[in-house]
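[1] Return a 3D structure for these sequence lines:
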Amino acid sequence: MRKIIGLILLIIIAVGLGLALVRIPFGTSKSRLGEYYIREGRKETGATNIVTSVVANYRGFDTLGEVTILFTAALGVGAVLSIGRKRKNNIKHQPASLILRTGCRFLFPLILLVGAYIFIHGHLTPGGGFQGGAVVASAFLLIYLGCREIRISEKGTKAVESLAGLVFVAVGLVGLAVSGYFLFNFLPKGISGRLFSAGVIPVIYIAIGFKVGSELAGIIDALVEETE
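    Model prediction:
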């Protein structure tokens with residue numbers, strides 16, 4: 001009986017998904033918003049990466065919500081793992097293999113450099129704050145795997161995270177004061193394709209990069225401390 005009920009539910013879900021997909025205007029001219037972004041995005045925002053212009057300009061308030069969700073998740077993970085646990089500073093760590101130890105020493109600064117490049121050039125090339133921040137956090141994960149005696153500063157990550165969030169909100173409020181729109185692109189857009197272009201978009205992406213990187217690094221640190 002359960003198998004029959006399960007099969008019926010699967011059929012209902014499949015039919016519902018099929019009807020929903022049929023109504024999506026794939027490849028039709030009904031998607032005027034997307035066409036507008038492609039046609040006017042570079043001229044209005046100065047960003048050659050149209051995805052960036054959408055994420056950090058046209059729907060920048062939605063991006064603020066995404067960053068807030070990530071901050072809440074990081075705060076929740078830290079709160080759960082910190083219950084009844086004291087940070088251990090005098091732990092005898094088992095040495096990692098030679099490959100990991102060598103890798104963490106030589107690759108750590110290079111990974112940080114790549115992550116910074118990704119979110120600094122997010123308005124010019126594929127990538128941005130979220131991707132660059134994740135790459136930066138992977139550098140700290142490599143540190144925990146290869147150089148196990150090293151730990152990041154919890155206060156430092158929280159300070160960077162808070163400062164980056166304040167920069168994001170401050171840029172948005174300045175745009176609100178200047179034009180009446182939150183995250184309005186009030187800075188000069190410069191020459192499209194140059195590093196110093198696209199107005200506030202690079203500033204927003206740098207703030208997101210630091211915020212995402214510090215939050216994910218903090219989560220990694222909390223999880224590593226919990227398993228020791």
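[2] Give the buried residues for the helix or strand encompassing E215.
    Remark: E215 resides in helix 201-227, with elements defined by DSSP states H and E. Within helix 201-227, the residues that qualify as buried are 201-222, 224-225, counting by 16 or more other CB atoms under 10 Å. Placement of C-beta: from N, CA and C, glycine included.
[3] Off-centre distance for the helix or strand encompassing I5?
    Element membership of I5, judged by DSSP H and E, is helix 2-23. Here helix 2-23 is found 34 Å from its chain centre; the criterion is CA atoms, centre = their mean, to the nearest Å.
[4] and it, average pLDDT?
    For helix 2-23, the mean pLDDT works out to 76.
[5] any idea how far E66 is from the spatially most central residue of the chain?
    By CA atoms, centre = their mean, the chain has its centre lying nearest to F130, at 2.2 Å. F130 is 8 Å from E66, where distance means CB to CB, to the nearest Å.
[6] ok, the closest residue to I111 other than its chain neighbours - how many residues close by?
    Leaving aside its sequence neighbours, I111 sits nearest to A139 (CB to CB, 6 or more residues apart in numbering; 3.8 Å). A count of nearby residues for A139, using other CB atoms under 10 Å, gives 20.
[7] can you check L141 too?
    17.
[8] Could you pull up the residues touching the nearest residue to it once chain neighbours are set aside?
    Nearest non-adjacent residue to L141, counting by CB to CB, 6+ apart: I220, 5.3 Å away. Applying CB atoms under 8 Å, 6 or more residues apart in numbering to I220 gives the contacts 137, 140-141, 144.
[9] Same list, these, but as a markdown table with pLDDT and distance to I13 please.
    Formatted as a markdown table, the contacts of I220 follow (pLDDT from 0 to 100; distance: CB to CB, whole Å):
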| residue | pLDDT | distance to I13 |
| --- | --- | --- |
| A137 | 92 | 36 |
| F140 | 90 | 40 |
| L141 | 89 | 37 |
| Y144 | 85 | 41 |
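[10] Which of the residues you listed ranks first by neighbour count?
    Neighbour tally across the contacts of I220 (other CB under 10 Å): the maximum, 25 neighbours, falls on F140.
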